[in-house]
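*Asks:* I'll drop the sequence and a predicted model, then ask my questions.
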Amino acid sequence: MTQAYTPFADDSYAGRTVLITGAASGMGLETARAFAAKGAEVVMADRDEAGLERYGSELRKGGAKIHTVKVDVSNPESIAEAFAYCDAHLARLDNVVTCAAIITAKRLFEQDWAHWQRVLNVNLLGTFFTVQAGVKRMLENPAGGNIVCVASDAGVHGGGGLIADTAYAASKAATLSLVKSVARELAGKKVRINALNPGPTDSPMHAHIDPSLKERIAANLPVRRMGRPEDMAAAILFLCSDAASFVYGAALDVDGGSMFR
Ligand SMILES: NC(=O)c1ccc[n+]([C@@H]2O[C@H](COP(=O)([O-])OP(=O)(O)OC[C@H]3O[C@@H](n4cnc5c(N)ncnc54)[C@H](O)[C@@H]3O)[C@@H](O)[C@H]2O)c1
C-alpha cells in the first residue's frame, strides 16, 4: 500500500523549495519560518539586507536550509539576479510566494505621479515579474509548481487614505486580476497560482497606525482581533500544498471576516 500524502505532517515540505519575497519581515518572514519548519529549503528574498541576515541566521541556527538574497522587486534586473541565484543553488524551484510590498496612506490630492509609480513599481510590477520568472522555471520542471501572490482586502473594498490609499488598493486589485489572468494562461499546465487576501494584520507594515486605531479595527472585525502573520503563513502553506490541488486562480480571504459575503 502506498503511503498516504499527509499535507500537514512535520516534514510535508521536505525536499521542496520555495522563494519568498518580502521575507525579512511580517508575513514573508513567518512564511519562511513555516516552510522551514516543514522541511523546505527556503530562499528568503528582500531589499532589507540587515533583516535577511538577522532572521536568516536565526533560522539556520535552528537547522533550517536557508538562503538569503537581496532583491529590489521594483527593479527587473534585481529580480533576474534573484532567480539566477535560485537556478545556481536549487535543484529546482517548487514554490514562489510574493509578499514584498509597500503600504502608503495618502489622501486623494497628496498622491502625485511619482507616488503612483513608486507604489505600482513595487506592488504590481514587482509581483508580475516575480511571477513571470517563477512560472518560467516551473514550466521547465516536470513536477510543476505553486505560486501564491499576497494581495489585500484593500484590493477588494478600497482604501480611503487613513490606513491604505488609492494607489495601494489599486495595486492590490490589480494583483488579484493578474493572478486570474496568469491562471487562465496556465490552464492545463502543472503550475497553480492563487492569491491570498489578508485582512488587517498586525505586522511591521502597520507601524504607522496608532494603537488605539488598531484596537478599533480589531473590535470591528467579526473575530474581534487583527490577523497575525502566522495566520497568513498557515494559509500560504495550505495553498502551496497538495491539499489545495483543486484550488486554482482563487483568492483566499484570510481576514477575520472583514469581507465575508
Ligand atoms: N499587514 C497587513 O495588514 C496587510 C493586509 C493585507 C495585505 N498585506 C500584504 O501582505 C504582504 C506582506 O505584508 P506585511 O504586513 O508582512 O508587511 P511588512 O512591511 O512587514 O513586510 C514587507 C516586506 O517587503 C519588503 N519590501 C518592500 N519593498 C520591497 C522591494 N522593493 N523589494 C524587495 N522587498 C521589498 C520589506 O523590506 C519588508 O521586509 C504585502 O504584500 C502587503 O501588502 C498586508
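*Replies:* That came in fine, so what should we check first?
*Asks:* Can you check the pLDDT for His206?
*Replies:* Model confidence at His206, expressed as pLDDT, equals 87.
*Asks:* how many neighbours does the closest residue to it other than its chain neighbours have?
*Replies:* The shortest distance from His206 to any non-neighbouring residue, by Cβ to Cβ, 6 or more residues apart in numbering, is to Lys214 (7.0 Å). Just so you know, the C-beta spots here come from the backbone N, C-alpha and C atoms, and that holds for glycine as well. Other residues lying near Lys214 total 15 when counted by other Cβ atoms under 10 Å.
*Asks:* Let me know whether Gly174 touches Leu125 as I believe.
*Replies:* Rather than Gly, residue 174 is Ala. No. Taking contact to mean Cβ atoms under 8 Å, the distance of 9.8 Å between Ala174 and Leu125 leaves them out of contact.
*Asks:* quick revisit: mind listing what the residue nearest to His206 touches?
*Replies:* Contacts were defined as Cβ atoms under 8 Å, 6 or more residues apart in numbering; by that measure Lys214 touches 200, 202, 206, 226.
*Asks:* near the ligand, which residues of this structure?
*Replies:* For the chain, the contact set with the ligand under Cβ under 6 Å from any ligand atom comprises 21-22, 24-28, 46-48, 51, 71-74, 99-103, 122, 126, 150, 152-153, 198, 200-201, 203-206, 229.
*Asks:* Mind checking which of those land in helices?
*Replies:* Under the assignment DSSP state H, those contribute 26-28, 51, 126, 229 to helices.
*Asks:* If we only consider the residues you listed, which is nearest to Met259?
*Replies:* Closest approach to Met259 among these (Cβ to Cβ): Met27, at 17.4 Å.
*Asks:* Share the number of residues neighbouring that closest one, please.
*Replies:* Met27 is surrounded by 28 other residues when neighbours are defined as other Cβ under 10 Å.
*Asks:* which ones are touching it?
*Replies:* Counting by Cβ under 8 Å, 6+ apart, Met27 has contacts 99, 150, 198, 201, 203, 229, 232-233, 236.
*Asks:* With Gly249 instead?
*Replies:* With contacts defined as Cβ under 8 Å, 6+ apart, Gly249 is in contact with 179-180, 183-184, 193-194.
*Asks:* and the two most separated of these?
*Replies:* Every pair in the contacts of Gly249 was compared (Cβ to Cβ); the two farthest apart turn out to be Arg184 and Asn194, at 13.2 Å.
*Asks:* Compare neighbour counts for those two and give me the winner.
*Replies:* Comparing Arg184 with Asn194 by other Cβ under 10 Å, the one with more neighbours is Asn194, at 22 against 10.
*Asks:* So what sits opposite the more buried one in the bridge?
*Replies:* Assessed by DSSP bridges, Asn194 has beta-bridge partners Val148.
*Asks:* which residues does it contact?
*Replies:* For Asn194, the contacting residues are 146-149, 179, 183, 239, 244, 247-252, taking Cβ under 8 Å, 6+ apart as the criterion.
*Asks:* Show me which of these are buried.
*Replies:* Applying 16 or more other Cβ atoms under 10 Å to the contacts of Asn194, the neighbour count classes 146-149, 179, 183, 239, 244, 249-252 as buried.
*Asks:* Out of those, which is nearest to the ligand?
*Replies:* Sorting these by distance to the ligand puts Cys149 at the head of the list, at 8.4 Å, by Cβ to the nearest ligand atom.
*Asks:* Hmm, that closest one is touching Ser177, no?
*Replies:* No. The pair Cys149 and Ser177 does not pass the contact test of Cβ under 8 Å, sitting 10.6 Å apart.
*Asks:* any low-confidence regions in this structure?
*Replies:* For the chain, the stretches with pLDDT under 70 are 1-7, 261.
*Asks:* which helix of it spans the most residues?
*Replies:* helix 166-185.
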